[in-house]
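K.L.:
no sequence on this one, just coordinates:
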């Protein structure tokens, strides 16, 4: 049996897959490529996401829920996946970096010198204190104290002014990380019999990337996909759009899965490649038909006596429009 799964990944007692839900635009909307929804347009073109959670067992004991996403979101996620590849390398001889390293090197030497001076001063004070406690010892003169202090502090000065190792020009390697957060609510209020306040299916979706866990450690599975399927009371806005209130949600079913960077990259790579192939095959035919029809209409507008049925460029054997 033919299936529409583009890519999938397995977790612990869970599996997620992304499926083909793409719909071509009608010929009249050929430039849109994809269906945009609405009364006078083709149904919305989407990629379907399914999560199956069989933590409680397989078959009837498992839970399968789904949500839909647009093709542009797939591209966004894929770009984030690319941003989490490899490491960023900064040349070590970059002028700004060399200057900063030189400043840091000088600051470290100054700190070491100041600490050395303080330590030597404490040594001198310690010797003076020991001399004062010894009744038999003769108190050193001011000159002797100054000479001893000069000798000790001179050693610190000599060490601080030593040339020392050169400033490092090693490249700086920075691990690449990009976090991401996306949330959407969808109301599925189809049919003419649905009225304000009726319970209708609703889908809530969250997709996010979190590089570090709460304990500060890097996560091995930084991607999370969470889907909620439920029913809620629908609200029709004046514009024709629909919404719902979370407080009215009932029959709630929730599933989530965590994925590695490698798994999400693989999935999004395949999904975006499939969308490109679909646009170059299915949508390309719609574009051809739409442009032909538009050219005929423009010709008829300029020539009121033009009969499209007699035009040599018309194709009487043209296949039925894909819907």
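P.N.:
That came through fine. If you're wondering where the values come from, they're calculated on a predicted model, not measured in any experiment.

K.L.:
ok, longest strand in the chain?
P.N.:
Across the chain, the strand with the greatest residue count (assigned by DSSP state E) is strand 223-236.

K.L.:
and it, which residues are buried?
P.N.:
Taking 16 or more other CB atoms under 10 Å as the basis for neighbour counts, the residues of strand 223-236 that come out buried are 223-234, 236. For glycine as for every other residue, the C-beta is placed from the backbone atoms N, C-alpha and C.

K.L.:
out of those residues, who's nearest residue 250?
P.N.:
residue 231 (5.4 Å; CB to CB).

K.L.:
follow-up on the earlier one: confidence-wise, which of the buried residues of strand 223-236 comes last?
P.N.:
When the buried residues of strand 223-236 are compared on pLDDT, residue 236 comes out lowest, with 84.

K.L.:
tell me where the stretch 1-150 of the chain has strands.
P.N.:
Along the stretch 1-150 of the chain, the stretches classed as strands by DSSP state E, counting those that start in this stretch are 5-11, 14-21, 46-53, 63-69, 87-90.

K.L.:
JSON lines please, covering those and showing mean pLDDT and distance to residue 273.
P.N.:
What follows is the strands of the stretch 1-150 of the chain, written out as JSON lines (pLDDT from 0 to 100; distance: least, CB to CB, whole Å):
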{"stretch": "strand 5-11", "mean pLDDT": "96", "distance to residue 273": "9"}
{"stretch": "strand 14-21", "mean pLDDT": "97", "distance to residue 273": "12"}
{"stretch": "strand 46-53", "mean pLDDT": "97", "distance to residue 273": "12"}
{"stretch": "strand 63-69", "mean pLDDT": "96", "distance to residue 273": "16"}
{"stretch": "strand 87-90", "mean pLDDT": "81", "distance to residue 273": "26"}
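
K.L.:
switch those over to TSV; also include mean neighbour count and distance to residue 117.
P.N.:
Supplementary listing: these in TSV, determined by neighbours: other CB atoms under 10 Å; distance: least, CB to CB, whole Å:
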stretch	mean neighbour count	distance to residue 117
strand 5-11	16	60
strand 14-21	20	64
strand 46-53	20	66
strand 63-69	18	65
strand 87-90	10	36
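
K.L.:
closest to residue 261 out of these?
P.N.:
Evaluated with CB to CB, these place strand 5-11 nearest to residue 261, the distance being 11.6 Å.

K.L.:
run the chain-centre distance for that closest one.
P.N.:
Centre-to-centre, strand 5-11 and its host chain are 19 Å apart (CA atoms, centre = their mean, to the nearest Å).

K.L.:
can you offset everything so residue one is 453?
P.N.:
Fine by me, first position is 453 from now on; the one you just mentioned is strand 457-463.

K.L.:
follow-up on the earlier one: nearest to residue 640, out of the strands of the stretch 453-602 of the chain?
P.N.:
Among the strands of the stretch 453-602 of the chain, the nearest to residue 640 by CB to CB is strand 515-521 (9.5 Å).

K.L.:
sorry, back to before: with the buried residues of strand 675-688 in mind, which one is nearest to residue 645?
P.N.:
Residue 645 has its nearest neighbour among the buried residues of strand 675-688 in residue 686, at 12.0 Å by CB to CB.

K.L.:
contact partners for that closest one?
P.N.:
Residue 686 is in contact with 639, 641, 646, 648, 649, 650, 651, 652, 694, 695, 696, counting by CB atoms under 8 Å, 6 or more residues apart in numbering.

K.L.:
if I look at it, how far off is residue 558?
P.N.:
Spatial separation of residue 686 from residue 558 under the definition CB to CB, to the nearest Å is 68 Å.

K.L.:
and for residue 627?
P.N.:
Counting by CB to CB, the gap from residue 627 to residue 558 is 29 Å.

K.L.:
now swap in residue 747 and tell me
P.N.:
73 Å.

K.L.:
repeat that for residue 605.
P.N.:
From residue 605 to residue 558 the distance is 20 Å (CB to CB).

K.L.:
how about residue 460?
P.N.:
57 Å.

K.L.:
do you know the pLDDT at residue 738?
P.N.:
According to the model, residue 738 carries a pLDDT of 95.

K.L.:
still on that earlier bit, would you list the strands of the stretch 453-602 of the chain in a markdown table and tack on distance to residue 581?
P.N.:
Formatted as a markdown table, the strands of the stretch 453-602 of the chain follow (distance: least, CB to CB, whole Å):
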| stretch | distance to residue 581 |
| --- | --- |
| strand 457-463 | 69 |
| strand 466-473 | 72 |
| strand 498-505 | 74 |
| strand 515-521 | 77 |
| strand 539-542 | 52 |
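
K.L.:
the ones you listed: which one's closest to residue 737?
P.N.:
Residue 737 sits nearest to strand 466-473 of all these, at 16.6 Å, using CB to CB.

K.L.:
which element follows the least confident helix or strand in the chain by mean pLDDT toward the C-terminus?
P.N.:
Least confident helix or strand, the chain: helix 594-612 with a mean of 70, by mean pLDDT, DSSP states H and E. Scanning forward in sequence from helix 594-612, with DSSP states H and E defining helices and strands, the next element found is strand 624-627.
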